[in-house]
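**Q** whatever this is, show me its structure:
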Amino acid sequence: MGYSVNGAVTALRSSRTTILVVILVALFLDETLMTVVVPIIPDIFMKSYCSNTSSVEGTASLNGSHHLPQSGSDGESGMSDIVPISRLQEYSWYDEELANKFFAEHPSWFDDNSGIDRPTTTNLNGMDDELVNESEVDKGIGTTESLDECIKHVNIRTGLLLASKFMMRLVLSAPLGIFTEWIGYFIPLFISTIILLASCLAYAFGHSFVVFLIARLLHGVAATAIEIAGLGVVAYSYADDEEKRGFAIGLAISAFAFGSLAGPPFGSILYSFCGQASPFLILAAIALLLAFAEVLCISPEARNDSPDPAPVYVLVKDPLVLASAGAIAVAGAVIALLQSSLPLWLLQTTDAKDWQLGVIFLPSSIMQIISSVLLGFYGNRIGRWLCAMLSLLLLATSIATVPLVKQVVQLIPAMLGIGFSFGVVDSTMTASMNLVADIKYNGAYGAAAAISTFAFCVGFAIGPTISGLLVNSIGFPWTMRTMAILAAVYAPFCIVLKNVPGKDQLKGTERAVLLPHHQLETTAVRLQDG
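**A** Coordinates of the predicted model:
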């Protein structure tokens, strides 16, 4: 029996296909958890922090002052907690339709001692002896913090929360890379999966900003280790076949794209119909099964024996590489800012349902995959610099139209343009960096990939961080217009990339391999000698 079990484990660990499937699941799970929170967190924060202002104030914020004046002929405070219903008409927030709705929704707030029927706005006069408790009404009508102020705080919290993962990745990428090279891939991969499980559970049962921030930071640690160790395991498993290794790495990284595609609708639908915990408990269960699969399928001896990559600082000095990385960072910042601020804006300005807050990102994700595939193969023929420049202009136009919509369905054309343009920028600019690395820096693909990933993380760290501040300062419409201006202003810099050497200058043949990396963050080009 023991022999058969050992033989089965050995067979699993020797199967490159099995190992690849395990890594695909790990990368998919990582990206799904990252995007599943996008439509959920703003709604949770609104319910947690704005509950005292949302019951009536959210629909009847008439003049910004909702507190009832104390009863008494002189209006001085401290006279009484009880307000005659007939005097409600004296208050500046009073509205007939609102009052009818308010009385119907809160019948328990009125005194039953008189035996008089519940009041309506048609019989308020002459009912001085029917009283309403002011302190109870005040809980529903307003608080010391207005709804607008509460929304500003929610914007800031949401932005910081979403950005925290990428900040953690920026900090940990280098040290975790060194640690993984030293200790091997199994231990970092297994530990990161357990950390991912803990993050899922924290999301499932958390209700405060601090708990969600801890969950997001834990996810940042896990994501960094999963990406480094997971791709390392794939490279190790296919070390004897360079062609298959490139294809396997491309498949592994493409799992990020599908996680990005599935996360928002998966989260919003389950959150809307099954509650907060449901999407995260499902992901936690997958993480638990994944950890078990890693123990069975991945050898603790898995280690990358390839030589160290070329120094990154050499490529950073190249203006061609900087221009490519800048385009990725700008596009990433625009997308990240939209993700962190759009759900809350839709809740404020449209009749969007909870499940729609995630589904609205579906057109964008689909177009990211399509555009990455198309331009990954044909970008070089058209001119990658031209594709990137036109795509940044399309991104600017699409972002600028977002504030014009009145219904959720009207966002679809803008989201299609946003997704298509981001996919094009991502694929063409990363391909340009790899081409520069091949021709000018003796195939420093690792350094090029590191710069591309870093640029993406910078964009997704800065975008959510400043989104709350911008939205609170200049409003959502002008925030979108500002990002549109940024994308349009940067677009001409892509002309610098016109000087990137063409295909005819290569010694071998160029074959594009689609690598949509972390929310489609990279698309790499494999170069093989003919």
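
**Q** any idea how far L469 lies from G159?
**A** Per CB to CB, to the nearest Å, L469 is found 8 Å from G159. In this view, the C-beta of every residue, glycine as well, is placed from N, C-alpha and C.

**Q** is S260 in a helix, a strand, or coil?
**A** Three-state assignment for S260 (DSSP: H, G, I helix; E, B strand; the rest coil): helix.

**Q** render the CA-only coordinates of stretch 477-497 in PDB, please.
**A** Backbone C-alpha positions of stretch 477-497 (Å, rounded to 0.1, in the frame of the first residue of the first chain) are rendered in PDB as follows:
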ATOM      1  CA  PRO A 477     -16.500  63.400 -13.700                       C
ATOM      2  CA  TRP A 478     -13.400  65.600 -13.500                       C
ATOM      3  CA  THR A 479     -11.300  62.800 -12.100                       C
ATOM      4  CA  MET A 480     -12.100  60.700 -15.200                       C
ATOM      5  CA  ARG A 481     -11.400  63.700 -17.400                       C
ATOM      6  CA  THR A 482      -8.000  64.300 -15.700                       C
ATOM      7  CA  MET A 483      -7.000  60.700 -16.300                       C
ATOM      8  CA  ALA A 484      -8.100  61.100 -19.900                       C
ATOM      9  CA  ILE A 485      -5.900  64.100 -20.300                       C
ATOM     10  CA  LEU A 486      -3.000  62.100 -18.800                       C
ATOM     11  CA  ALA A 487      -3.400  59.300 -21.300                       C
ATOM     12  CA  ALA A 488      -3.800  61.700 -24.200                       C
ATOM     13  CA  VAL A 489      -0.700  63.700 -23.100                       C
ATOM     14  CA  TYR A 490       1.500  60.600 -22.800                       C
ATOM     15  CA  ALA A 491       0.400  59.200 -26.200                       C
ATOM     16  CA  PRO A 492       2.800  61.200 -28.300                       C
ATOM     17  CA  PHE A 493       5.800  59.800 -26.300                       C
ATOM     18  CA  CYS A 494       5.100  56.500 -28.000                       C
ATOM     19  CA  ILE A 495       6.700  58.000 -31.200                       C
ATOM     20  CA  VAL A 496      10.000  57.400 -29.400                       C
ATOM     21  CA  LEU A 497       9.400  53.700 -29.900                       C
END
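
**Q** one step back: okay, L469 and G159: which has more neighbours?
**A** The neighbour comparison of L469 against G159 (other CB atoms under 10 Å) goes to G159, with 26 against 15.

**Q** which element is the nearest residue to F209 once chain neighbours are set aside on?
**A** Distances taken as CB to CB, 6 or more residues apart in numbering put R157 closest to F209, at 5.1 Å, once the chain neighbours are dropped. Assigned by DSSP states H and E, R157 falls within helix 147-183.

**Q** equivalent analysis for V38, please.
**A** Using DSSP H and E, no helix or strand contains V38.

**Q** just checking, it touches L162?
**A** Yes - contact between V38 and L162 holds when scored by CB atoms under 8 Å: they sit 7.3 Å apart.

**Q** and stretch 149-168, which residues are buried?
**A** 150-168 (16 or more other CB atoms under 10 Å).

**Q** now do the contacts for the nearest residue to V316 once chain neighbours are set aside.
**A** Of all residues not flanking V316 in the chain, I451 sits nearest, at 6.6 Å (CB to CB, 6+ apart). I451 is in contact with V312, L315, V316, V321, A325, M433, counting by CB atoms under 8 Å, 6 or more residues apart in numbering.

**Q** need those in TSV with distance to G206, pLDDT and neighbour count, can you?
**A** Supplementary listing: the contacts of I451 in TSV, determined by distance: CB to CB, whole Å; pLDDT from 0 to 100; neighbours: other CB atoms under 10 Å:
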residue	distance to G206	pLDDT	neighbour count
V312	37	67	17
L315	40	78	22
V316	39	79	14
V321	40	86	28
A325	35	89	26
M433	39	78	32
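
**Q** in helices, which of those fall?
**A** V312, L315, V316, V321, A325, M433 (DSSP state H).

**Q** nearest to M483 among the residues you listed?
**A** The closest of the ones in helices among the contacts of I451 to M483 turns out to be A325 (CB to CB; 18.3 Å).

**Q** any idea how far P175 is from the closest one?
**A** Distance from A325 to P175, by CB to CB: 21 Å.

**Q** and the contacts of the helix or strand where L288 lies?
**A** L288 belongs to helix 277-297 when assigned by DSSP H and E. Contacts to helix 277-297, defined as CB under 8 Å, 6+ apart, come from residues 9, 12-13, 15, 18-19, 22, 25-26, 29, 32-33, 36, 40, 186, 189-190, 193-194, 196-197, 200-201, 203-205, 266-267, 270-271.

**Q** whichever of those residues end up buried, select them in ChimeraX.
**A** If you want just the buried ones from the contacts of helix 277-297 in ChimeraX, going by 16+ other CB under 10 Å, the selection is:
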select :12,13,18,19,22,25,26,29,32,33,36,40,186,189,190,193,196,197,200,201,203,204,266,267,270,271
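
**Q** number of residues surrounding S324?
**A** 33.

**Q** ignore what I typed, I meant L289.
**A** For L289, using other CB under 10 Å, the count is 13.

**Q** mean confidence score for the longest helix along the chain?
**A** In the chain, with assignment by DSSP H, the single longest helix is helix 445-490. Averaged over helix 445-490, pLDDT sits at 82.

**Q** am I right that I226 falls within a strand?
**A** No - checked against three-state DSSP, I226 lies outside a strand; its state is helix.
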